[in-house]
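Trainee: Coordinates only, no sequence provided:
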RNA sequence: GCCCGAGUGGCGGAAUUGGUAGACGCAGCGGACUCAAAAUCCGCCGCCGUUAAAAGCGUGUCGGUUCGACUCCGACCUCGGGCACCA
């Protein structure tokens, strides 16, 4: 063993050993419990960032830990290779997305390998490979056959200058990112997947996901948003009938059917057919509807915009009283939600209340407050108005509780066929069409005679041409006759291939199944899925808590219902790592696009007034920039930290150790360059401790019964460390405290200056425990240390040790003494000391007596092994 | 706007089931070693106070429950994530 720690040599040797012995390539093995450890696959953006390092190190620690616990561990890796950034890069440098993406994959694979992850690289996949997306297309066609996939119109962001659909990310302050033109909403044909068919099951099964964080389950439940209510139909009044050209009803959904008699208006979306009908003869309404088309489709924008409305001049009839109710167009009602229409009950809904007040609509109180908070609803709004109570002013339905009123009203509506109870979900069907090039082609052919024709299975995959270069003005596939010109599979006539591609969430909705059988050439999945799945531990960013995880749960169920897999839930346990945050600095020159600067390039100094000033030195000189606060490390905000420099300078083990030590995995990690030194220093100290110990030659066997107090003490510390680390890693998934415990152990070893044979035996055991416990976290240096401790076998094949309960046994325990809950003293008592003796000792303690003085003791609370609290 | 989470020393964090607040590390300060520096090793390190101690204060803010609250409850503030075409 070398005297000095050379991270480059140590890491090279360990990685070469793992590679030569193919340590991490695994096969199905019925004799051992399997453990499928999966980290979310990365987007190949160019280089790894610290979020990747954190994510994959967490996965690797667990994979290596479970391997040492005797499991057959699968840890695969792949690339979420389709997506918008590749097109953006192409626009900037003229390089085709395929080339850019594959270069990035090669580079990032190298970076991952330098971090020493225990990955089975033989299963690597990239979602842009035709051999992968072939099965996206194949399953899409099966979904189409079953009606799970279908086509209808959808609303998108439209850049009127570039004549292009914009992603939400490309809309900045309501304007197109390249043209600066105000965006508009536009309806286009879109393929949808019928996820709402599974809404109830996806919601109900959340309860069984015991291995998922509570907050993710809550977020998913709220996202699905099941609500029980009534569908109510309001018949058209003669004016509406005339405008629509036929009779009909206006359908709404409400959870508050008990307030039906308080409805004083109807609000409909700008895109609602009745709005269009009314607009034909109403220029003011027509221009209001046009105004509603402005702006993006983002919910955050819609929810914060000023609530505006305009009357259509049309009316519908109250289903019970027959009273005409005016129909308004309102910008806060969305065509995509429910029926695109709501009934306005100003007295008992805050939004309707505000709308009625700004538009001088009547307010009718129809609920009597259960708490007596009000008699009649009047401004200003108070939350009690929205609470349920007894119905009043509601004709035959007055005097009923909430549930009784809803039941009675639903029954009465049912008799007239004007309403029924219904369950409504906030969840919407999943629109998967993207008007973009770098994605999986949707395998459809549009024929003028035959309509929408699926590409026959024999012609799959529809291969994406890889040489095109997008220029930002729309989908290059739609300008490429070589791609879209084709023959109709049904009639043989000339037809046009669909040029939309699939949402990249499709790619990531089933990749975890494919790893089990990555070499299956003729099928999407095979029986090996039955061995490896479900994923035992899934690790990824909290930002994926809703969409990716929900889509994967849905997709897995669809495949289950086609008998392709047997499971419903793909991920048994989930660890959502917190984001890695860093400061965001930007500069917005007048009339130009905002620029971002990496925190590493920003100098912070104090200005004349004491406030911090942020400066960047560029080719043009020194520039003062704005500090926008903390945000997740991202390419678009230019605040990533490149781990490569860290690895070169300190080694992969230091990078891994620091990332795991800096904060617990579920918490956000605020990046700081300081602290890396500490991790490096600790590894060197451990190296020197082992080196020095090994220099003295082999230690004699440990004689447990022949130890002195100091030797027993070090042994106890070592085994306590082992017990704590086992629990911290295996159960709590808190790596920072496991590392802290090993640091304490090393401090104790450093203080232990016993050179006697048994002293050396105890130290040897303690160093072995430290090495084994750290093996999952810093595997390279531990690989070398294990050899340094005299072993000829490889550490990676070693079993995780079990703490010796005899070594843990203690003779005395410290009892905390409190008076009125405040710490006043401590005493040491034998383990299993009689309660009466502890109480007496506590009351006799001089510190306790000082604070009790002559006051009568009212109570004495005793917590065994912990404390005595004297209450006066 | 809606849903979810977080807030503890100069900094990252610990306190696992309501029971010793600040483990471990970073930074800083003092010392040893050195011609010197780096590295390494030893010591100190919440605020206030004191010769030293004791006492007092202290986990975003305000209030509550409890013998006892970082932990539970209510209200609020700030920051972060998500909001369906970024991944």
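Mentor: Now that the structure is in, tell me what you want to look at. The shown structure was predicted, so the numbers you read here are calculated from the model rather than taken from an experiment.
Trainee: how close does residue A:745 sit to residue A:723?
Mentor: 12 Å (Cβ to Cβ, to the nearest Å). All C-beta spots, glycine's among them, are computed from the backbone N, C-alpha and C.
Trainee: Tell me which of these two has more neighbours.
Mentor: residue A:745 (25 against 17; other Cβ atoms under 10 Å).
Trainee: Helix or strand for that one, just tell me which one.
Mentor: For residue A:745, the element it lies in under DSSP states H and E is helix A:735-751.
Trainee: what does that helix contact?
Mentor: Residues from elsewhere that reach helix A:735-751, judged by Cβ atoms under 8 Å, 6 or more residues apart in numbering: A:58, A:61, A:657, A:660-665, A:682, A:685-686, A:689, A:714, A:717-718, A:720-721, A:724-725, A:728-729, A:763, A:766-767, A:769-770, A:773-774, A:777.
Trainee: Which residues belonging to it are considered buried?
Mentor: By neighbour count on 16 or more other Cβ atoms under 10 Å, the buried set for helix A:735-751 is A:735, A:736, A:738, A:739, A:740, A:741, A:742, A:743, A:745, A:746, A:748, A:749.
Trainee: which bits of the stretch 551-700 of chain A sit near RNA strand B?
Mentor: Neighbours of RNA strand B within the stretch 551-700 of chain A, by Cβ under 7 Å from any atom of the strand: A:579, A:581, A:629-632, A:634, A:661-664, A:667-670, A:672, A:674-675, A:677-679, A:681-682, A:684-685.
Trainee: Against RNA strand B, which of the buried residues of helix A:735-751 make the cut? List them.
Mentor: Answer for the buried residues of helix A:735-751 near RNA strand B (Cβ under 7 Å from any atom of the strand): A:736, A:739, A:740, A:743.
Trainee: which of those lies closest to residue A:295?
Mentor: residue A:736 (44.7 Å; Cβ to Cβ).
Trainee: from the stretch 351-500 of chain A, which residue is nearest to RNA strand B?
Mentor: Residue of the stretch 351-500 of chain A nearest RNA strand B, by Cβ to the nearest atom of the strand: residue A:428 (3.8 Å).
Trainee: centroid residue for chain A?
Mentor: residue A:544 (2.4 Å; Cα atoms, centre = their mean).
Trainee: Contacts only, for it.
Mentor: With Cβ under 8 Å, 6+ apart, residue A:544 has these contacts: A:40, A:576.
Trainee: Now with 7 Å, please.
Mentor: residue A:40 (Cβ atoms under 7 Å, 6 or more residues apart in numbering).
Trainee: Also residue A:55?
Mentor: Residue A:55 sits next to A:39, A:40, A:539, A:540, A:541, A:577 when contact means Cβ under 7 Å, 6+ apart.
Trainee: In terms of secondary structure, what does whichever helix or strand the fourth one is part of contact?
Mentor: What it means is residue A:540. Element membership of residue A:540, judged by DSSP H and E, is strand A:537-541. Contacts defined by 3 or more Cβ pairs under 7 Å, 6 or more residues apart in numbering; DSSP states H and E place strand A:537-541 against strand A:34-39, helix A:50-68, strand A:574-577.
Trainee: so who does the residue lying closest to residue A:79 once chain neighbours are set aside touch?
Mentor: Leaving aside its sequence neighbours, residue A:79 sits nearest to residue A:126 (Cβ to Cβ, 6 or more residues apart in numbering; 4.2 Å). By Cβ under 7 Å, 6+ apart, the contact list for residue A:126 reads A:78, A:79, A:81, A:105, A:132.
Trainee: re the thing from before, would JSON lines of the buried residues of helix A:735-751 with pLDDT be doable?
Mentor: Converted to JSON lines, those look like this (pLDDT from 0 to 100):
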{"residue": "A:735", "pLDDT": "97"}
{"residue": "A:736", "pLDDT": "96"}
{"residue": "A:738", "pLDDT": "97"}
{"residue": "A:739", "pLDDT": "97"}
{"residue": "A:740", "pLDDT": "97"}
{"residue": "A:741", "pLDDT": "97"}
{"residue": "A:742", "pLDDT": "97"}
{"residue": "A:743", "pLDDT": "97"}
{"residue": "A:745", "pLDDT": "97"}
{"residue": "A:746", "pLDDT": "96"}
{"residue": "A:748", "pLDDT": "95"}
{"residue": "A:749", "pLDDT": "95"}
